[in-house]
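Trainee: Generate a structure from the sequence data that follows.
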Amino acid sequence: MRTRKNRTHNGRLLKAKRAYSFADIAEKLETHVRTVQVWHKEGLKILEDHTRPFLVMGQDLRDFLKARLRSRKKPLKIGEFYCPRCREPRRSRPDRLAAQATQRRLGKTHKQVLLRGVCEVCDQSLLLFSSDRKAAEWTKNGLIFTEPLEVINGSGISSVKTDILKGRENAKSKRQK
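Mentor: Next comes the predicted model:
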């Protein structure tokens with residue numbers, strides 16, 4: 001089974017003021033030379049058109065990779081999740097939208113909230129880490145959260161604790177007799 005390579009490349013491996021050939025770039029970033037050639041067609045600047053091998057300054061390559069990464073980002077609007085299956089911002093089904101408050105704090109004033117939903121296109125489970133302020137924004141825009149189900153593991157009463165308490169009560173009743 002083939003493993004999937006990362007889609008981002010670490011531009012910090014390249015020195016800014018050094019010129020690199022396509023083969024050097026491919027070796028440093030652990031990618032194929034054809035990938036670097038495609039980048040050249042997409043707008044990667046080279047030093048001189050008439051000389052071979054093509055040379056690229058490290059800073060130009062860093063800037064190209066940053067711009068490429070920035071262009072692929074898709075900001076989410078209120079009420080949207082990122083669906084990993086569709087690879088697009090998607091809305092959740094209204095009946096499957098839930099907000100779960102955690103005990104963690106985000107700064108001094110806000111608390112962390114997990115927003116959960118189901119993609120309306122492909123039925124993929126969706127999760128968004130957010131704050132109570134953003135969850136309130138979602139409710140202002142007409143999105144209604146269903147109550148999260150109680151989790152057995154999260155209950156404060158444990159069977160171990162109840163056994164200990166019963167044991168203490170039995171010991172007290174024996175002492176009093």
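Trainee: From here on, just use CA atoms for contacts and neighbour counts.
Mentor: Will do.
Trainee: residues touching Pro84, list them.
Mentor: For Pro84, the contacting residues are Gln124, by CA atoms under 8 Å, 6 or more residues apart in numbering.
Trainee: Could I get the pLDDT score of it?
Mentor: Looking at Pro84, its pLDDT reads 88.
Trainee: Domains in the protein, by residue range?
Mentor: 11-72, 80-149 (automatic domain parsing).
Trainee: Out of these, which gets the lowest mean score?
Mentor: The weakest mean pLDDT among the domains of the chain belongs to domain 80-149, with a mean of 84.
Trainee: Tell me how far it lies from the chain's centre.
Mentor: Centroid separation for domain 80-149 versus its chain: 13 Å, with CA atoms, centre = their mean, to the nearest Å.
Trainee: and if you look at stretch 68-81?
Mentor: Centre-to-centre, stretch 68-81 and its host chain are 11 Å apart (CA atoms, centre = their mean).
Trainee: For that stretch, buried residues please.
Mentor: 79-81 (16 or more other CA atoms under 10 Å).
Trainee: Pick out whichever of these sits closest to Phe129.
Mentor: Phe81 (10.0 Å; CA to CA).
Trainee: export the helix or strand hosting that closest one as PDB, just CAs?
Mentor: Using DSSP states H and E, Phe81 sits within strand 80-83. Output in PDB follows, covering the C-alpha atoms of strand 80-83 (Å, rounded to 0.1, in the frame of the first residue of the first chain):
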ATOM      1  CA  GLU A  80     -19.500  25.800   7.900                       C
ATOM      2  CA  PHE A  81     -17.200  22.900   8.700                       C
ATOM      3  CA  TYR A  82     -14.300  21.600   6.600                       C
ATOM      4  CA  CYS A  83     -15.300  18.200   5.200                       C
END
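Trainee: quick one: contacts of that strand?
Mentor: Here strand 80-83 has contacts from 76, 88-92, 119, 124, 126-128, using CA under 8 Å, 6+ apart.
Trainee: cutoff 7 Å now
Mentor: 88-91, 119, 126, 128 (CA atoms under 7 Å, 6 or more residues apart in numbering).
Trainee: How about stretch 91-101?
Mentor: 79-81, 112-120, 145-148.
Trainee: now stretch 111-121
Mentor: So stretch 111-121 is contacted by 83, 90-93, 96-102, 104-106, 124-132 (CA under 7 Å, 6+ apart).
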